[in-house]
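[1] Build me a model from this:
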Amino acid sequence: MNKTFIFYHLIFFLGFQIILNLGLLCDSLWIQYEKIIFINERQMKENKLLILKKSAILIVDDDEQILHNLKLTLSIFFDTVLTAKNGIEALKIYEEVSSIDVIITDYVMPKMCGYVLCKKIRRIDNDIPIIMMSNYSEKEKLLKSIPLGLIDYLIKPIEYTTLSTALLKIAIKINSKSLDSIFLNELEYSFIRKEIKKDNTIIKLTKNEALVLELLINNKTNITSVDQIKYTLDAEHNKSEQAIKNLFYRLRLKIGKNMIINNKALGYSLLCS
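    Residues are numbered from 1 along each chain as shown. Below is the predicted model:
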């Protein structure tokens, strides 16, 4: 291979900006992969993304170039990166490999689309973080996926800042699952005992109250839609909106009226530090 390469563009690689000028020799600019990892591990610590290094991700896309680029990028953040070219192949890998922690999938694919794949996975695991990708022209299809409780929806071409934001949401979700408890302002919530400690008083939550509170905690950087809440409580979507309102009324009585914000026509969000 010719060692002289001509680069005439700005490269952003995982937040590490490298400018390669026209006509420079590759030998003098050769950047070791390990150095990039070192730089980005520092960044990962600052952004609380290092927890992803203990996790495995499955990437699903029928475009081989996108699949290759995502694998290269995400291999720095994740311990294990698996790939599939369609939904059927991805579902088989998911069922055979028990240690998959995160899924990122394209929407439109041959044999089985990302939407059907996510529905099938949600019947098995209602909690695994999933990111859906799509072209801008297919944005309406992503709205159909709201009830599936996705971590994020990424419009192609995917920018680094957008991807890093989605990864941070995943890290927050994984981190909260690994904790015994979490502080929400003056409250302490126990993931194990499903109870709130408030002013040295223990308040037990019902199963549905705990499910909803944990959904809001895991999704606290976003507004959680009513459809997401319905799907979390009942995959068959039989819960009425009045039942959801009653559930939130009871939960507010236990954790505080001002802790949960109702964003009309959008959903609910958690107001806490």
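[2] Am I right that residue 105 sits in a strand?
    Yes - checked against DSSP: H, G, I helix; E, B strand; the rest coil, residue 105 lies within a strand.
[3] and it, what does it touch?
    58-61, 87, 90, 114, 117-118, 130-133 (Cβ atoms under 8 Å, 6 or more residues apart in numbering). Yep, even glycine has a C-beta here, placed from its N, CA and C like the rest.
[4] Give me the subset of those residues lying in strands.
    58, 59, 60, 130, 131, 132, 133 (DSSP state E).
[5] Going by neighbour count, which of those residues comes out on top?
    Neighbour counts for the ones in strands among the contacts of residue 105 peak at residue 60, which has 28 neighbours (criterion: other Cβ atoms under 10 Å).
[6] per-residue pLDDT, that residue?
    pLDDT recorded at residue 60 is 97.
[7] Double-check it against residue 109; I have them as touching.
    Yes - counting by Cβ atoms under 8 Å, residue 60 touches residue 109, with 7.0 Å between them.
[8] what touches both of the two?
    Joint contacts of residue 60 and residue 109 (Cβ under 8 Å, 6+ apart) are 85, 86, 87.
[9] would you turn those residues into JSON lines with pLDDT?
    Output for the shared contacts of residue 60 and residue 109, formatted as JSON lines (pLDDT from 0 to 100):
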{"residue": "85", "pLDDT": "95"}
{"residue": "86", "pLDDT": "95"}
{"residue": "87", "pLDDT": "95"}
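[10] Most neighbours among the residues you listed, please name it.
    Most surrounded of the shared contacts of residue 60 and residue 109: other Cβ under 10 Å gives residue 87, at 24 neighbours.
[11] which stretch of helix or strand covers the nearest residue to it once chain neighbours are set aside?
    Among residues not flanking residue 87 along the chain, residue 112 sits closest, at 2.7 Å (Cβ to Cβ, 6 or more residues apart in numbering). According to DSSP states H and E, residue 112 maps onto no helix or strand at all.
[12] these two touch, right, residue 112 and residue 88?
    Yes - shown here, residue 112 and residue 88 form a contact pair, counting by Cβ under 8 Å, at 4.7 Å.
[13] all strands in the stretch 151-273 of the chain, in order from the N-terminus.
    152-156, 181-184, 187-190, 195-198, 201-204, 260-263, 267-270 (DSSP state E, counting those that start in this stretch).
[14] what helix or strand does residue 81 sit in?
    strand 80-84.
[15] mind listing what's buried in that strand?
    81, 82, 83, 84 (16 or more other Cβ atoms under 10 Å).
[16] And for stretch 181-200?
    184, 187, 189, 190, 191, 194, 195, 196, 197, 198.
[17] List of residues touching it?
    176-177, 179-180, 202-205, 207, 210, 213-214, 217, 254-256, 259, 270, 272-273.
[18] from the residues you listed, which ones fall inside helices?
    176, 177, 207, 210, 213, 214, 217, 254, 255 (DSSP state H).
[19] ok, of the residues you listed, which come out buried?
    Buried, going by 16+ other Cβ under 10 Å: 176, 210, 213, 214, 217, 254, 255, out of the ones in helices among the contacts of stretch 181-200.
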